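Asker: pasting a predicted model and its sequence here:
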Amino acid sequence: MECNKEEAVRAKGIAEERMHNDDFEGARKIALKAQQLFPELENVSQLLAVCDVHCSAQNKIYGSERDWYGILQVERVADVATIKKQYRRLALVLHPDKNKFPGAEAAFK
């Protein structure tokens, strides 16, 4: 099990490097691998949250509009209460004071 933890820590480091280079899709894939190798790895969920927001922000609908439902990770038929709840949850996870990963501040904004 220690071998998996070492591999997961190494994969997390590679994911952070990719985030520094603005490759959030690649970082997300590697972070998911790290999470599969060692689910208890510290801060992987925060890293994935940053990657998910950036990947969703790159997806455009109707040409140039951002997919805000995708960014918030809610269904298009979600009610206002669900949207507000998810916004607050993401704001807590992505806040730059609590999340030190590259891109967290941009994802928060």
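Answerer: Perfect, thanks for sending it.
Asker: going by C-alpha atoms from here, please, whenever you check contacts or count neighbours.
Answerer: Noted.
Asker: for this structure, which segments count as helices?
Answerer: 2-20, 24-37, 44-58, 68-72, 80-94, 104-108 (DSSP state H).
Asker: possible to save those helices as a markdown table with mean pLDDT?
Answerer: Converted to a markdown table, these look like this (pLDDT from 0 to 100):
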| stretch | mean pLDDT |
| --- | --- |
| helix 2-20 | 86 |
| helix 24-37 | 90 |
| helix 44-58 | 83 |
| helix 68-72 | 81 |
| helix 80-94 | 85 |
| helix 104-108 | 60 |
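Asker: any chance of CSV for those, columns mean neighbour count?
Answerer: Compiled in CSV, these are given as follows (neighbours: other CA atoms under 10 Å):
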stretch, mean neighbour count
helix 2-20, 18
helix 24-37, 21
helix 44-58, 21
helix 68-72, 18
helix 80-94, 15
helix 104-108, 18
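Asker: so which residue is dead centre in the chain?
Answerer: Ala49 (2.3 Å; CA atoms, centre = their mean).
Asker: that one contacts Leu92, doesn't it?
Answerer: No - applying CA atoms under 8 Å as the test, Ala49 and Leu92 come out as separate, 10.9 Å apart.
Asker: which residue packs closest to Ile30, ignoring adjacent ones?
Answerer: In space, and not counting its chain neighbours, Ile30 is closest to Ala15: 5.6 Å by CA to CA, 6 or more residues apart in numbering.
Asker: separation between that neighbour and Asp23?
Answerer: 9 Å (CA to CA, to the nearest Å).
Asker: cool, Arg10 as well?
Answerer: 17 Å.
Asker: ok, now Lys33?
Answerer: Using CA to CA, Lys33 is found at 16 Å from Asp23.
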